[in-house]
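S.K.: I would like to see how this sequence folds:
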Amino acid sequence: MHRFSRLAAVAWRESRTARRRLLLYMSAITLGVAALVAIDSFADNATQSVRTQARALLGGDLALSSRDTFTTVVAQLFDSLSHNGIGLARQTSFNSMAVAADTAVMRLAQVRAVSPGFPFYDTIETDPASAWQTVQAGQNTVIDAALLVALNLKVGDSLSLGSQRFAIRGTIVSVPGEVAASALLGPRVYIADRYLGGTGLLVFGSRAAYETVVKLPATITTDQFEARFGRVLSRNQVRMRTVADDEANLNFAIDQLRNFLGVVGLIALLLGGIGVASGVHAFVLRKIDTVAILRCLGATSGQVVLIYVLQAGAMGL
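M.R.: From the prediction side, this is the model:
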């Protein structure tokens, strides 16, 4: 034990001439491990965020969607649900040309006609913050800032959709459940759904997505709702999406991202390890003269190897 402590002391003193280089090698290992920890931490935080904000991402407790207008049976069901204290809010989405009312400059946009109360959880953030509340107050609209630039408009100007004019009251900052990249498919334009018919944009053969988000009272669970109405909705080509479905899909996507980033981090750590090994090899080669002096002073091969193994082990630790 005394002999080992003497070798450790020699290893410590001998490292004084190259501690900066050793610190560089140690930092490379540290950063590699930190990258793996950061990837796992990111995935865990994302999963927790999904669990706590799933309803905000969906906009309600569940969503009912169709690629065609809801049938008479479904419409009657919605009326019945509304009269029994279940909250319903509609959104109709389709692509159309948005036209600057004064200059006739036009641009393809995503038009979204929403009813009062949409979304039930969280809110669509706008600039100014009060702009979203004006959408249901009259023929007003909030749009993506990119559309203002494309049409050379400003807040307060008019935008034409079909045969209706809408006053621009603000720009969209964020929409719950959507990434900013979705705006690349076409700038979004929100209007009140009661003005949709007046635009004349939806006629026979028009392609649109119809969605109704549902807010359930505390006495009804999504499973109970699905058990009672799921068959009727399915027969009428209405797709039901619940918070649990969104959680499952998002968690699956997060797991795939975690696996991909984990492989990237592992490869980075492996390459860092190879680089560190090469650096340690070069470091030892520079110590050949020191090794020769130690051997001349009576150190054995095993003792010399142990000195440098201690230094490498300290770096790894």
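S.K.: Helices of the stretch 151-300 of the chain, residue ranges please.
M.R.: Secondary structure of the stretch 151-300 of the chain, counting by DSSP state H, counting those that start in this stretch: helices at 196-199, 222-235, 243-285, 288-296.
S.K.: in the first one, what counts as buried?
M.R.: Neighbour-count burial for helix 196-199, counted by 16 or more other Cβ atoms under 10 Å, picks out 196, 199. Quick note: C-beta positions are derived from backbone N, CA and C, even for glycine.
S.K.: re earlier: so which of the helices of the stretch 151-300 of the chain is the most surrounded?
M.R.: helix 196-199 (a mean of 16; mean count of other Cβ atoms under 10 Å).
S.K.: What about the closest residue to D255 other than its chain neighbours, how many residues nearby?
M.R.: Leaving out its chain neighbours, the residue that sits closest to D255 by Cβ to Cβ, 6 or more residues apart in numbering is A43, at 7.6 Å. Residues contacting A43 under the criterion other Cβ atoms under 10 Å number 18.
S.K.: List the residues that contact A43.
M.R.: For A43, the contacting residues are 254-255, 257-258, 261, by Cβ atoms under 8 Å, 6 or more residues apart in numbering.
S.K.: which SS state does L310 fall under?
M.R.: Put simply, L310 is helix when judged by DSSP: H, G, I helix; E, B strand; the rest coil.
S.K.: Distance of the residue lying closest to it once chain neighbours are set aside relative to L306?
M.R.: Of all residues not flanking L310 in the chain, A11 sits nearest, at 4.3 Å (Cβ to Cβ, 6+ apart). As judged by Cβ to Cβ, to the nearest Å, A11 and L306 stand 8 Å apart.
S.K.: Give me the pLDDT for the residue nearest to L310.
M.R.: With respect to pLDDT, A11 scores 70.
S.K.: Pretty sure it sits against V304.
M.R.: No: the criterion here is Cβ atoms under 8 Å, and A11 misses it with V304 at 10.2 Å.
S.K.: if we can go back for a sec, what pLDDT, on average, does the helix or strand that contains the residue nearest to D255 get?
M.R.: Using DSSP states H and E, A43 falls within helix 19-58. Computed over helix 19-58, the mean pLDDT rounds to 71.
S.K.: just checking, next helix/strand downstream of that helix?
M.R.: That would be, after helix 19-58 and using DSSP H and E, strand 62-66.
S.K.: Describe which strands that following strand pairs with in its sheet and in which direction.
M.R.: When pairing is defined by DSSP bridges, strand 62-66 lines up against strand 209-215 (antiparallel), strand 239-242 (antiparallel).
S.K.: which of the residues in the following helix or strand past that strand are buried?
M.R.: Later in the chain than strand 62-66, the nearest helix or strand by DSSP H and E is helix 72-83. Neighbour counts over helix 72-83 (16+ other Cβ under 10 Å) mark 74, 77-78, 81 as buried.
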